[in-house]
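Enquirer: What shape does this take:
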Amino acid sequence: MLNIMDNQQNKVRGFSNFLRNAVVLTIIILIPIILIWSLNTLFPLNIAINHKTWFAMASLIIIPLLLLIFIIVFFQRYEPEETQNHPESDVESEDEDEYEPEDEDEHEDEPEDEDEDEHEYVNMNTARLFIIARHGPSPDDAEAYKKYIMEKFSPITKIYIGGDTHIHLMTVNRKLKIRQIREIIRDLIIEKGIVSRFHEPLMYKEEKDDVGCKVTLILVGVGDDLIKYLDDASDICALPISNRYSSAA
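Expert: Below you'll find the predicted structure:
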C-alpha cells in the first residue's frame, strides 16, 4: 500500500515538474515573438518573425538582465563598510571605548550600566571549550590546579573564559602536535555534547607553571580577530580546524 502511494506521489511530482518546465519554456519562447509583433504593430518596421529575429530579441532581453544582476551583486559585495552593519565593527568600537580612560565620578555614578556592558562583552567573546594540557604528572587536586591556571594566566582567562565555557584538564607525555590537538577537541566536543559549527576556530599557547611543567592552553571557539587582546600575540596560532595543518613549532 505504501509503495502504491509513493508511486502516485512520484508521478504527481514528476507531472508538476514537467508542467512547470513547459510553462517556463513557453513563456521564454513567446515573449520575443510578442515583442516583435508589438513593434510591427506600433511602428512600420516590418520585422520578419523567424529564428534569427527571435534569437536577437531574446538576446536583447537576456543580456541587459544579466548585466543588471551582475551590477547589483557587485555593489552589494563591495559596498563600503560605513553603510554596512557588521557586528565585528560594533565589537571593535566597544573594545576601543573600554580601554579609554574614564573619570572616577562617572564610574561611580553608573555601576549597573558597566556591569551590563561587561556581561554582554563576555557573552560575545567567550570560548566554547578551554583545554589545559599539562606535560607531566597529574596534579593532586585537579580543581585547585584549574583555579591556579585561571589565576596565573588571567590575561587570557578573563577575556575568553565565561560561565558557558567547558574547562577540561588532561595530562600528556609529549608535546602536542596540531593533528593531536584537533583529535582531542573533536572527542571532547562529542563527549561534552557541545554544539559545534562546521568551522570551529581554535587558539593554543604553550606556557609553564610554577613547578616547571609545560602547559598547553587550548581555546576552542575563539575568532582570529580576538588575538590582539593577548599580551604576546606572536606566540599564538589561531587556525580553523578544517584547514590543513603542519606540526606545531
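Enquirer: for this protein, which helix is longest?
Expert: With secondary structure taken from DSSP state H, the chain has its longest helix at helix 2-42.
Enquirer: and the next helix or strand after that one with helix 2-42, angle?
Expert: If you walk from helix 2-42 toward the C-terminus, the next helix or strand you reach (DSSP states H and E) is helix 51-77. Counting by axes from the mean of the first three to the mean of the last three CA atoms, to 10 degrees, helix 51-77 points 110 degrees away from the direction of helix 2-42.
Enquirer: Please work out the average pLDDT along helix 51-77.
Expert: Regarding helix 51-77, the rounded mean pLDDT is 87.
Enquirer: buried residues in it?
Expert: 54, 57-58 (16 or more other CB atoms under 10 Å). For glycine as for every other residue, the C-beta is placed from the backbone atoms N, C-alpha and C.
Enquirer: And for E143, the neighbour number?
Expert: Other residues within reach of E143 by the criterion other CB atoms under 10 Å amount to 10.
Enquirer: did I read that right, it in a helix?
Expert: Yes. When classified by DSSP: H, G, I helix; E, B strand; the rest coil, E143 is found to be part of a helix.
Enquirer: Averaging pLDDT per element, find the lowest-scoring helix or strand in the chain.
Expert: Considering only helices and strands, the least confidently modelled element of the chain by mean pLDDT, DSSP states H and E is strand 237-240, at a mean of 37.
Enquirer: Domain-wise, how is the chain divided?
Expert: Structural domains annotated on the chain: 2-77, 87-120, 127-240, as defined by automatic domain parsing.
Enquirer: looking at the ones you listed, which has the lowest confidence?
Expert: Set side by side, the domains of the chain show their lowest mean pLDDT on domain 87-120, which sits at a mean of 45.
Enquirer: Deepest-packed of the domains of the chain, please.
Expert: Mean neighbour count, computed with mean count of other CB atoms under 10 Å, is highest for domain 127-240 among these, reaching a mean of 15.
Enquirer: W37 touches I49, doesn't it?
Expert: Yes. Using CB atoms under 8 Å, W37 is in contact with I49, at 7.2 Å.
Enquirer: mind listing what R174 touches?
Expert: Taking CB atoms under 8 Å, 6 or more residues apart in numbering, we find R174 in contact with H135.
Enquirer: sec struct for it, please.
Expert: The three-state assignment at R174 reads coil, by three-state DSSP.
Enquirer: State the phi and psi torsions of it.
Expert: Backbone geometry at R174, expressed as degrees, to the nearest 10, gives phi -140, psi 170.
Enquirer: What distance do you get for it to Q180?
Expert: Distance from R174 to Q180, counting by CB to CB, to the nearest Å: 9 Å.
Enquirer: cool, Y160 as well?
Expert: When CB to CB is applied, the distance between Y160 and Q180 equals 22 Å.
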